[in-house]
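Asks: Predicted coordinates and the sequence they were generated for:
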Amino acid sequence: MTRLVLMLVFFICCSTGGEIAMTHGMKQVGEPESFRPGALLRFAGKALSSGWIWFALPLLAASFYSLLILLSWAPLSVVIPASAFNYVVGTFGAKYLLREQVSPKRWMGVIMVCIGVTVVLLT
Amino acid sequence: MSHERRLRFKTLVMVLLMVVCANVGDLMLKRGMLQIGAVQLTLSGIWLALLSTIHNTTIWLAILFLIAFTFCYMTAVSWADYSYVMPAGAFGYAVQTLLAVVILHEAVSARRWFGVVLIVVGVLLVGQTHPSTTAPKPVAS
């Protein structure tokens, strides 16, 4: 049981941490100047030179493998709600780490998506 | 087009591209792995599966779509909030269910439809908020 809880915490931390680090990196890179191929290539090159992106990628890889391990350890009814809970943890991360303004309406939407994804994936 | 409308429009386009690329990529990955067959969990079995995936065109197409998904995701969060893009991406589950009914003629349970409705309403609620609530970002050049 302790092993499962620790792996769930590890999965949520890696997944949310990776996505938040990637978002932080992309905010520093800035948006592409246009959607022409040359501008998009420059944008991709700049993104790949960001340290935050290279910090995010191993975290996202670790979250993927920990999800596979969780699926081999526990039933879907445990793993899916835990993975959908990422939406809520991610929103907390966005609010407190990325300083995004999360209005009550956005919170309501995130919670509905979290419950909806759990219901869809468990049927 | 005003700045606000332009921001909403390009975020919507990116989220739709994310949903399409992720769904097509997953579908092709599934099809490619079905062509390869069940992987045996032995050293030689894993090696054989690796060689098979390298020579499988469907797997390469799947990888291309999944790279495109990551690129669209990275582009979207370069201007929009993470707490806006992340739940909006869940719209893919609703699209999957619709495709299952329309194309594959699968029977979908009432419980699953309830989940889809929750996702759609949730995404609509998030969509009504401002896509970017942090300071304006530089332009990558």
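Replies: Good, I have the coordinates. Just so it is clear, the model here is predicted, and its values are computed rather than measured. Numbers count the residues shown, from 1 in each chain, chains lettered A, B, ... in the order given.

Asks: What pLDDT does the model give A:V88?
Replies: Note for A:V88: predicted pLDDT of 92.

Asks: Then the one 5 residues further on?
Replies: Per-residue confidence for A:G93 comes out at a pLDDT of 94.

Asks: if I pick it, what's in contact with it?
Replies: By Cβ atoms under 8 Å, 6 or more residues apart in numbering or on different chains, the contact set of A:G93 is A:16-17, A:19-20, B:82. From N, CA and C alone the C-beta is placed, and that goes for glycine too.

Asks: Please report how far B:L104 lies from chain A.
Replies: As judged by Cβ to the nearest Cβ, to the nearest Å, B:L104 and chain A stand 16 Å apart.

Asks: what kind of secondary structure is that residue in?
Replies: Recorded secondary structure, B:L104: coil (DSSP: H, G, I helix; E, B strand; the rest coil).

Asks: Check which residues of stretch A:110-122 are buried.
Replies: Residues of stretch A:110-122 classed as buried: A:110-121 (neighbour count, 16 or more other Cβ atoms under 10 Å in any protein chain shown).

Asks: if we can go back for a sec, among the contacts of A:G93, which are in strands?
Replies: Applying DSSP state E to the contacts of A:G93, no entry is found in strands.

Asks: hmm, which of those are the buried ones?
Replies: Buried members of the contacts of A:G93, counted by 16+ other Cβ under 10 Å: A:16-17, A:19-20, B:82.

Asks: Present the residues you listed as a markdown table; the columns should include pLDDT.
Replies: Below are the buried ones among the contacts of A:G93 laid out as a markdown table (pLDDT from 0 to 100):
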| residue | pLDDT |
| --- | --- |
| A:T16 | 94 |
| A:G17 | 95 |
| A:E19 | 94 |
| A:I20 | 95 |
| B:Y82 | 94 |
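
Asks: can you give me the helices in chain A?
Replies: Secondary structure of chain A (DSSP state H): helices at A:2-29, A:37-48, A:51-73, A:76-84, A:86-96, A:104-121.

Asks: of those helices, which approaches B:G32 most closely?
Replies: Closest approach to B:G32 among the helices of chain A (Cβ to Cβ): helix A:51-73, 17.5 Å.
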